[in-house]
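In: sharing a sequence plus its predicted fold:
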Amino acid sequence: QKEVEQNSGPLSVPEGAIASLNCTYSDRGSQSFFWYRQYSGKSPELIMFIYSNGDKEDGRFTAQLNKASQYVSLLIRDSQPSDSATYLCAVYNPHSGGGADGLTFGKGTHLIIQP
Amino acid sequence: EADIYQTPRYLVIGTGKKITLECSQTMGHDKMYWYQQDPGMELHLIHYSYGVNSTEKGDLSSESTVSRIRTEHFPLTLESARPSHTSQYLCAALKGQGGYTFGSGTRLTVV
């Protein structure tokens, strides 16, 4: 049973601070890692993906991956109220069978940026 | 630019009615998926397709059915809607390396 674990929150962060979102996964064969942002009542939107150990930066977002620890995180610098949303971690193993073509979603972390 | 188009965006329908939720895409993606999501809750995979004439049930048991006669279309049908079917239905396509693109979703209310 593949599992992707996230703290459901809510995680409350003051405006302008760094928001840190964490995710652990159980499938060691996972190769690709994704962060989706979902506003209330909307569909998920892909904001970051990472394949290799280390950091990947895109604007105010940084994804961090540590395959040895089976841990992926998302940092949001200079947090804005518009960053308030649920953040879904997703993990992809192209060699696993079953539904969703090997993509497993976490339950999401609800992030609140306080003005 | 949206790759995945879902209609209708909102639907309120009476119990016992047959409904079809439309999902279409213009990018030629082979792999498509239907998820069900209640407000504030996690995504549940209910159906997926790896291409024309390929359909499979997902992790969550659902009374809905799907078809994939053409690559572009992946409609979801409920033969007899019930209040328990009230939810948001999200269609997605795989763009490669596990990256999904989601449609805007259909929010279904069965009264």
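Out: Happy to help now that I have it.
In: and chain A, which residues reach chain B?
Out: A:31-32, A:34, A:36, A:40-46, A:49, A:51, A:86, A:88, A:90, A:92, A:94, A:98-103, A:105-108, A:110 (C-beta under 8 Å from any C-beta of the partner chain). C-beta: built from backbone N, CA, C; applies to glycine.
In: test my guess that B:T77 contacts B:T20.
Out: Yes: the pair B:T77 / B:T20 is scored as a contact, 4.8 Å apart, by C-beta atoms under 8 Å.
In: up against chain A, what does chain B have?
Out: Checking chain B against chain A by C-beta under 8 Å from any C-beta, the hits are B:31, B:33, B:39-43, B:45, B:48, B:50, B:56-59, B:88, B:90, B:94, B:97-105, B:107.
In: among those residues, name the buried ones.
Out: The neighbour count (16 or more other C-beta atoms under 10 Å in any protein chain shown) marks B:31, B:33, B:42-43, B:45, B:48, B:58, B:88, B:90, B:94, B:98-103, B:105, B:107 as buried among those.
In: hmm, back to that, buried among the residues of chain A next to chain B? Need that as a selection in PyMOL.
Out: Here is the PyMOL command that picks out the buried ones among the residues of chain A next to chain B, judged by 16+ other C-beta under 10 Å:
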select buried, chain A and resi 31+32+34+36+43+44+46+49+86+88+90+92+99+100+101+102+103+105+106+107+108+110
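In: for A:L46, give me its contacts.
Out: A:34-36, B:99-101 (C-beta atoms under 8 Å, 6 or more residues apart in numbering or on different chains).
In: one more time with 7 Å
Out: Contacts here follow C-beta atoms under 7 Å, 6 or more residues apart in numbering or on different chains; on that basis A:L46 touches A:34, A:36, B:99-100.
In: pick the one among those closest to A:S82.
Out: Checking the contacts of A:L46 against A:S82 by C-beta to C-beta gives A:Y36 as the nearest, at 16.0 Å.
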